[in-house]
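> what follows is a predicted structure for the sequence shown.
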Amino acid sequence: MYTVAQTGEDGPAAAVMHYLPGAKAPSHLHPGFELIYALSGELETDDGVYAAGSLLVMPPNSVHAPRSPKGCVGLVVWERPVQVV
């Protein structure tokens with residue numbers, strides 16, 4: 001595991017994200033970088049559609065609400081914990 005339990009309250013973390021078809025995340029702010037590597041399926045943001053093999057880089061202080069009408073699996077790395085807005 002690579003979570004704030006190991007890295008500290010404001011530390012980095014990583015997870016494998018599984019979005020079922022139609023799933024969406026609430027709008028949230030990234031105080032640090034977030035990297036999302038799409039392993040399968042498609043992930044959408046207001047900036048576009050990202051197919052398997054795409055790398056999204058969300059810079060510090062960016063806000064987004066990712067969704068996946070078709071479903072997707074991705075590896076997500078957070079430099080700092082996100083804040084729901």
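Done, it's in.
> as a check, name the ranges of all helices in this structure.
Counting by DSSP state H, the chain has helices at residues 4-7.
> okay but Thr45 is in contact with Leu56, surely?
Yes: with contact defined as C-beta atoms under 8 Å, Thr45 reaches Leu56; the gap is 7.1 Å. In this view, the C-beta of every residue, glycine as well, is placed from N, C-alpha and C.
> count the residues that sit near Met17.
Met17 has 19 neighbours, counted by other C-beta atoms under 10 Å.
> show me what contacts it?
Listed by C-beta atoms under 8 Å, 6 or more residues apart in numbering, the contact set of Met17 reads 36, 72-76.
> just the buried ones among those, please.
36, 72-74, 76 (16 or more other C-beta atoms under 10 Å).
> same list (the residues you listed) but as TSV, adding pLDDT and distance to Pro60.
Shown next, in TSV, are the buried ones among the contacts of Met17 (pLDDT from 0 to 100; distance: C-beta to C-beta, whole Å):
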residue	pLDDT	distance to Pro60
Ile36	97	15
Cys72	98	24
Val73	98	25
Gly74	98	20
Val76	96	16
